[in-house]
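S.K.: Compute the structure for the input listed below.
(chains A and B)
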Amino acid sequence: MKRVDLHLLGPLIALVGLFILGALLNPAFLAPANLSNVLARSAFIGLIAIGMTFVITQGGLDLSVGSMAAFLAGITIMAMNWLAPITGANWGTILLGMSVALAGGIASGYVNGALVTKARIEAFIVTLGTMGIFRSLVTWLADGGTLSLDSSLRAIYRPVYFGGIGWVTWPIIVFAIAAILGEWAMRHTRFGRHVEAIGSNDRVARYSAVDVERTRLLTYVLLGALVGLATILYVPRLGSASGSTGVLWELEAIAAVIIGGTALKGGRGRVWGTVVGVLILSLIDNILNLADLVSPYLNGAIQGVIIVLAVVLQREKRAAD
Amino acid sequence: MGDAVTPTLSLDAVTKSFGQVEVLHGVDLTLNAGEVHALIGENGAGKSTIMKILGGFLAPTSGRVLLDGQPAPYSTGPQAEAAGVIVIHQEFNLAPDLSVAANIFLGREISRGLRLDHAAMRAAAGDLLAQLDTTIRPDALIRDLSVPDRQMVEIAKALSRRARVLIMDEPSAALTHREVDALYAQVDRLRAEGVALMFCSHRLDEVERLADRITVLRDGAVVGRATRGGMTQDGMATAMVGRQLADIFPPKPSAAGDEMLRVEGVTVPGRVENASLTLRRGEVLGIAGLVGSGRTELAEAIAGLRSHNGRVTLMGQPLTIRAPADALAAGIAYLTEDRKEAGLLLTKSLTENLTLSALDRFGFRIDRTREAIAMADATRDFDIRAASPAMPAGALSGGNQQKLLLAKTMLTEPRIIIIDEPTRGIDIGTKQQIYRFVRRLADEGTGVIVISSELPELIGLANRVLVMRQGRIAGAVAGDRVTEENIVRLAMGLGAEREPA
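M.R.: You can find the predicted model right below:
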């Protein structure tokens, strides 16, 4: 029992270790501005990774989330720019734009989910396809360039990313709330139980009268909605979107989920683990930038090692069982 | 069999401990060439451990494994196979995406130079399967085969390896009449060829029919030995359980009440053709038939697991059943025959398994305390023997898994329960518990349908038995007419005397 607990806590111990390392290497690491920045930037991947945890736990996968975020950012900016002359440069316009992002996310997630559950195509294939489609659409909408938010709107919208309660900016707050709700849903609701049951054996779930297809579909819709939410927080940061927005986010999100101890083959999901995974990836990036120990260009290599290590630990846990 | 004969494979004072716990206490066992040895005992008596030790999958803690009188020259399963000692496990060892022929020759492919000789393998596989009196095609994929067919492939695979010692764990558990006969014929053939055979079985009639030598195991020790004819079925059961077993089947009250369930003209394309049945309060309705006769498919149609045409009426109310949830909401529960692949989440805790079908009864935020209470109740009511409710369901013995599955199904408070193969692969003590439970359910007013390949079970439990054949209801027998002969005649299409359903 104790050994298993150690494996369970592995990612958390790694996170604490990284934190101490960061503090030792550069005092600037502990500055509230730095930590706030790290957390806020984690929020995009973090929100997506929370949704991804549900999708992976039920035995699915979504490769399209990075492109989806870029596409949603694109249509959100276009919608706001189009609305600004009609409704004026005010919060109303911003809110309408936000709802475009959220509704677009839900619709995109529904398309992915419906293709997987109703048309019965492999999740990998479906989302590989929609990944290309979303990416291409945003490039086309931007005509190969960049879509920029109208500067009057940008001034109003800016605080959504940069403002908050002291150093605790809105993205951090939203990320934290989503993480708590996500963990709660996975651990304590029928939905979470069903997601885990489907991932461990969908035939058993079906024979137990679980609506397998509806639950699967819901995980993709939930992920889409969270991508929409991430987009809402991302747009005010740069105020623009292009064909290179959100590139490789899907892999970072999947990596965070795996590092957090969710099984890639499904059946066991840990939202809190995913949050830890996201923070580990962000901290590595931040520490490499702050310390001269290793070139920041090796960031990807170190993250890669961590991912492989996490999976090896998972396997040892299974052997210990 | 005098002492002069050196046993092909034997155990000499073997003990086995897992951690602090000794599970085998000095077992002696001999397998002689040309002899069939039956190893019987309740679940958890140590049969599997002995098989694993014989097959090289486990090393004994003390004592010796002797092959031809010499310490066995193997310490892994594959090495044992190379030495001619082959074990057929209950969990099949087949690659689902490969063909039957490819599985039979897996690891020993016939090749011509670098190229695989598919034709030769297909032909050889075809010969083996024909010997087993099956119609399995050598190029069928394993995933498309039924459980009994997979069992036959396993046996064919062992035959192809020219086994000197063949050890089979519950070889007939998944088979019905015809396959069982083919299996017995093969056992007789292998015995005549001088192979040393051993098998475990919970079917005592089978033990009596096949075994030249019987070893009874209880709690990790040998408690009885006999040679052919030296032990009656009752004697075996008593020795296994260690106490006198009263009549295995509870008494059958004959009075049937009003109609509970009416199924009319159910058709599942290609599987079930225009099947109808009625179920009355207080009776246990049995469904017999060969595997592939549509028994399971009919039940799955009623439970919403298969799309179908036809009418289902429950307590006079017409029902539309399109999904399992519809059936469950109406109070119709189906307990699958495939508890490992469709019944239980083997890696999840007992509690999570117990409440999976009935989660809506535990609140939007799942009430852990009530779940724990439900688990404690189920453990008591169904006598589930488990180390802890948090242990994975896969670690339970077969009998306890079946009790957990029963508890899980009963938690949905069904009005009608359809139990498919209620006692497959479980020991006689647990069988008796399950029979009593099934009868009590019927007595208390739940509609009970039992599907089974074990005729004694249907005869002992059911007030009325429907017999299916090739997707149709071939006939029904009730009361005194529920006999093995009548059921078999109907299942074979010989048309016994009919009884109005």
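S.K.: Which residues are in contact with A:Val138?
M.R.: Contacts of A:Val138 were listed using C-beta atoms under 8 Å, 6 or more residues apart in numbering or on different chains, and they are A:67, A:70-71, A:73-74, A:147, A:241-243, A:245. All C-beta atoms are positioned from the backbone trio N, CA, C, and that covers glycine.
S.K.: count of neighbours near A:Leu222?
M.R.: 24 (other C-beta atoms under 10 Å in any protein chain shown).
S.K.: list the contacts for the most centrally placed residue in chain B?
M.R.: For chain B, B:Arg424 is the residue whose C-alpha lies nearest the centre (C-alpha atoms, centre = their mean; 3.2 Å). Shown in contact with B:Arg424 (C-beta under 8 Å, 6+ apart): B:173-174, B:337, B:402.
S.K.: Verify the assumption that it is located in a helix.
M.R.: No: under DSSP: H, G, I helix; E, B strand; the rest coil, B:Arg424 falls outside any helix and is assigned coil.
S.K.: for it, phi and psi?
M.R.: Backbone torsions for B:Arg424, taken as degrees, to the nearest 10, come to phi -60, psi 120.
S.K.: Quick check: it vs chain A, distance?
M.R.: In this view, B:Arg424 and chain A are 16 Å apart by C-beta to the nearest C-beta, to the nearest Å.
S.K.: Tell me the confidence at that residue?
M.R.: On pLDDT, B:Arg424 comes in at 83.
S.K.: next one: B:Thr6
M.R.: pLDDT, B:Thr6: 85.
S.K.: Pop out the phi and psi values for it.
M.R.: Dihedral angles for B:Thr6 - degrees, to the nearest 10 - are phi -80, psi 120.
S.K.: Count the neighbours of it for me.
M.R.: 14.
S.K.: Please name the residues that touch it.
M.R.: Counting by C-beta under 8 Å, 6+ apart, B:Thr6 has contacts B:68-69.
S.K.: tell me which element the one residue in the stretch 151-300 of chain B that gets nearest to chain A falls in.
M.R.: Per C-beta to the nearest C-beta, the residue of the stretch 151-300 of chain B with the smallest distance to chain A is B:Glu300, at 8.8 Å. Assigned by DSSP states H and E, B:Glu300 belongs to helix B:295-302.
S.K.: Could you check the angle the helix or strand that that helix is followed by makes with helix B:295-302?
M.R.: Next helix or strand after helix B:295-302 toward the C-terminus (DSSP H and E): strand B:309-314. On the basis of axes from the mean of the first three to the mean of the last three C-alpha atoms, to 10 degrees, strand B:309-314 is oriented at 70 degrees to helix B:295-302.
S.K.: Can you name the residue of the stretch 101-250 of chain B nearest chain A?
M.R.: For the stretch 101-250 of chain B, C-beta to the nearest C-beta, closest residue to chain A: B:Arg143, 12.6 Å.
S.K.: quick one: that residue and B:Pro96 touch, right?
M.R.: Yes: counting by C-beta atoms under 8 Å, B:Arg143 does reach B:Pro96; the two are 4.0 Å apart.
S.K.: Let me see the mean pLDDT of the helix or strand that B:Thr15 is a member of.
M.R.: Take DSSP H and E as the rule and B:Thr15 turns out to sit in strand B:9-18. Strand B:9-18 comes out with an average pLDDT of 90.
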